[in-house]
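Q: Curious how this folds, go ahead:
(one chain, ligands or ions: 2)
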Amino acid sequence: MSHQADDLEQFMEGVRRRNPGEPEFHQAVHEVAMDIIPYIADKQVYKDLMILERMTEPDRIVTFRVVWEDDNGNIRVNRGFRVQQNNAIGPYKGGIRFHPTVTQSVLKFLAFEQVFKNSLTGLPMGGGKGGSDFNPKGKSDAEVMRFCQAFMTELSRHIGPDTDVPAGDIGVGAREVGYMFGQYKRLMNRFEGVLTGKALEFGGSRIRTEATGYGVVYMMDNMLRHHGESIEGKTCVVSGSGNVATFCAEKLIELGGKVVTLSDSGGFIHDPDGFTQEKLQWIMDLKNNRRGRIEEYVGEFGGTFHAGQRPWNVPCDLAFPCATQNEIELADAEALIKNGCRAISEGANMPSTPEAIHAIQAHRELLHAPSKAANAGGVGVSGLEMSQNSLRLQWTREEVDERLKGIIAGIHEQMVTYGTAADGHVDYFKGANIAGFNKVASAMIAYGVM
Ligand code: NDP
Ligand code: 2IT
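A: Ligands and ions are numbered 1, 2, ... in the order given. Predicted structure coming up:
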């Protein structure tokens, strides 16, 4: 083994020892350390000051009991978390996830990724993440409201517009942010920008709802243009049918892409004719208002439903994983490669397994933008929402969209700067990891030992 492979293994050994039983967290740290350890090999100050070791240890984790009453009068108990990972370059910032699969490991991986992502946006935001194992599926609005109020009753002690600013993620959208913001305002008697993703009537930003999905497509556009190509006429496979997936599909259709799949946890739908904006509106209504299942699409518009499957075997030019972590495994990556897929822009956080990433990187014709860069448009516009709240102003749609495009183009440029090899090949993972790391590391060095 080379020195660097030794150093990586030794470092990961420590991470695994200090964080037992947290496989998602180990995976996220390993994905970053693979690039950072060789990068700092000749930068003694980073090693002496233990910068990477300090970055992998959250500043703090708050865990708490959330007790609420369901519609039948039963008392229900869930666990709430907030992982405050790193605030070297700004207040902790990152979403809240409500899903039965939420564990400390999942939230630690998300908080760790968020530090690098927020750094890449160029805005002053540290990294954090929170959530609960609460399952919103099948719950009434009143139950969701009582849960959100109970959750915020504890969380409110730990957050604030200059301390920690949560937002949405899986299972947390406009409805949940509304309930949580209302409860914070009631408890603190302060109207302040403590959450982002708020509705326009009470301090939200235009384009925040669309921002993650739009940004994923803008990143794809940047990657393709850098290689002399464009989205127009390309067949696109998208997974998920939530916030990120649907606005990713909307922007793709607008730019002339042909989107042929969407999915949910029940399986995927395949419409070989491609979705139109009208069909997509129907899906958004199904998911956001009627809270139905994606398979219902087939009864309305035709196409096929594939129960229990993901869409990666459907031949495509461009792929957009927008559902959840580890949804592209090795066999999926191999299917994408075999079918001639040209590029992947990751909407979900850490959607590709290490084996899948390895296979894709070995196949150098397949461009691959990592989630911490490709989905940074969401938190980027959250940062703009914080700016607008501080200014007590709301910008126009055009103004926010222009800034979003600028943020994504800036991230693409940083990845090219740090990720381009001598032969011109761009390793977007390496570029994102090093560029995200540099800014946070410099701030930490400036603060001294803490
Ligand atoms: P939503 O809750 O709006 O939608 C999630 C979608 O993914 C649903 O279609 C859901 O299906 C599906 N899904 C969730 N978990 C699983 C699972 N375990 N297996 C299969 N399908 C699953 O969430 P978002 O669209 O907001 O988030 C999607 C991804 O994007 C996540 O990885 C999130 O972290 C990431 N992200 C979100 C941002 C945002 O601004 N919202 C910003 C950056 C990243 P079902 O309805 O059946 O549960
Ligand atoms: O993963 C993410 O970047 C988000 N869920 C959005 C975070 C935010 O603060 O807008």
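Q: How many residues are close by residue 15?
A: 18 (other C-beta atoms under 10 Å). To be clear about C-beta, it is placed using only N, CA and C from the backbone, and glycine gets the same treatment.
Q: The stretch 101-250 of the chain: helices as residue ranges?
A: Counting by DSSP state H, counting those that start in this stretch, the segments of the stretch 101-250 of the chain that form helices are 104-120, 141-155, 174-188, 208-226, 243-254.
Q: Output those helices as JSON lines; include the columns mean neighbour count and mean pLDDT.
A: Formatted as JSON lines, the helices of the stretch 101-250 of the chain follow (neighbours: other C-beta atoms under 10 Å; pLDDT from 0 to 100):
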{"stretch": "helix 104-120", "mean neighbour count": "26", "mean pLDDT": "99"}
{"stretch": "helix 141-155", "mean neighbour count": "20", "mean pLDDT": "98"}
{"stretch": "helix 174-188", "mean neighbour count": "19", "mean pLDDT": "98"}
{"stretch": "helix 208-226", "mean neighbour count": "25", "mean pLDDT": "98"}
{"stretch": "helix 243-254", "mean neighbour count": "24", "mean pLDDT": "98"}
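Q: wait, which of the ones you listed is closest to residue 379?
A: Nearest of these to residue 379, taken as C-beta to C-beta: helix 104-120 at 5.8 Å.
Q: got any ranges where the stretch 201-350 of the chain has weak pLDDT?
A: Within the stretch 201-350 of the chain, no stretch falls below the threshold (pLDDT under 70).
Q: Just the mean pLDDT for stretch 423-441, thanks.
A: Averaging pLDDT along stretch 423-441 gives 97.
Q: quick one: contacts of it?
A: 31-32, 34-36, 39, 46, 51-52, 55, 86, 88-89, 115-117, 119-120, 223, 226, 357, 361, 364, 367-370, 372-373, 411, 414-421 (C-beta atoms under 8 Å, 6 or more residues apart in numbering).
Q: Mark which of the residues you listed are buried, thanks.
A: 31-32, 34-36, 39, 46, 51-52, 55, 86, 88-89, 115-117, 119-120, 223, 357, 361, 367-370, 372-373, 411, 414-416, 418-420 (16 or more other C-beta atoms under 10 Å).
Q: Can you say which of the helices of the stretch 101-250 of the chain is nearest to ligand 2?
A: Comparing the helices of the stretch 101-250 of the chain by their distance to ligand 2 (C-beta to the nearest ligand atom), the top pick is helix 104-120, with 5.9 Å.
Q: Extract the C-alpha set from that closest one and format it as PDB.
A: C-alpha atoms of helix 104-120 as PDB (Å, rounded to 0.1, in the frame of the first residue of the first chain):
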ATOM      1  CA  GLN A 104     -28.300   9.400  13.900                       C
ATOM      2  CA  SER A 105     -26.100   7.900  11.300                       C
ATOM      3  CA  VAL A 106     -28.300   9.200   8.400                       C
ATOM      4  CA  LEU A 107     -28.400  12.700   9.900                       C
ATOM      5  CA  LYS A 108     -24.700  12.700  10.600                       C
ATOM      6  CA  PHE A 109     -23.900  11.800   7.000                       C
ATOM      7  CA  LEU A 110     -26.300  14.500   5.800                       C
ATOM      8  CA  ALA A 111     -24.800  17.200   8.200                       C
ATOM      9  CA  PHE A 112     -21.300  16.300   7.100                       C
ATOM     10  CA  GLU A 113     -22.100  16.600   3.400                       C
ATOM     11  CA  GLN A 114     -23.900  19.800   4.100                       C
ATOM     12  CA  VAL A 115     -20.700  21.500   5.400                       C
ATOM     13  CA  PHE A 116     -19.000  21.000   2.000                       C
ATOM     14  CA  LYS A 117     -22.100  21.800   0.000                       C
ATOM     15  CA  ASN A 118     -22.800  25.100   1.800                       C
ATOM     16  CA  SER A 119     -19.100  26.100   1.400                       C
ATOM     17  CA  LEU A 120     -19.300  25.500  -2.300                       C
END
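Q: Is ligand 1 within reach of that helix?
A: No - counting by C-beta under 6 Å from any ligand atom, ligand 1 is not contacted by helix 104-120; separation bottoms out at 6.6 Å.
Q: before we move on, back to that, among the contacts of stretch 423-441, which are in reach of ligand 2?
A: Checking these against ligand 2 (C-beta under 6 Å from any ligand atom), the matches are residue 117.
Q: Inside helices: which ones of the contacts of stretch 423-441?
A: In helices, judged by DSSP state H, the following of these are found: 31-32, 34-36, 39, 46, 51-52, 55, 115-117, 119-120, 223, 226, 357, 361, 372-373, 411, 414-419.
Q: Now name the helix or strand holding the closest residue to ligand 1 within the stretch 351-450 of the chain.
A: When scored by C-beta to the nearest ligand atom, the stretch 351-450 of the chain has residue 378 as its residue closest to ligand 1, at 3.2 Å. Using DSSP states H and E, residue 378 maps to helix 376-391.
Q: What of residue 402?
A: Going by DSSP H and E, residue 402 is part of helix 397-419.
Q: Pull the residues that contact that helix.
A: Contacts of helix 397-419 (C-beta under 8 Å, 6+ apart): 120-123, 205-208, 211, 214-215, 218-219, 222-223, 226, 369, 373, 376-377, 380-381, 384, 395, 426-432, 434-435.
Q: the inter-axis angle of the helix or strand just after it versus helix 208-226?
A: Sequence order places helix 428-447 as the next helix or strand after helix 397-419, per DSSP H and E. Interaxial angle of helix 428-447 relative to helix 208-226 (axes from the mean of the first three to the mean of the last three C-alpha atoms, to 10 degrees): 120 degrees.
Q: Residue 118 touches residue 90, doesn't it?
A: Yes - applying C-beta atoms under 8 Å as the test, residue 118 and residue 90 come out as touching, 7.3 Å apart.
Q: shared neighbours of the two, anything?
A: With C-beta under 8 Å, 6+ apart as the test, residue 118 and residue 90 both reach 125, 126.
Q: Could you pick out the residues of the stretch 201-350 of the chain near ligand 2 for me?
A: Going by C-beta under 6 Å from any ligand atom, the residues of the stretch 201-350 of the chain near ligand 2 are residue 349.
Q: For my notes, confirm residue 11 occurs in a helix.
A: Yes - using DSSP: H, G, I helix; E, B strand; the rest coil, the assignment for residue 11 is a helix.
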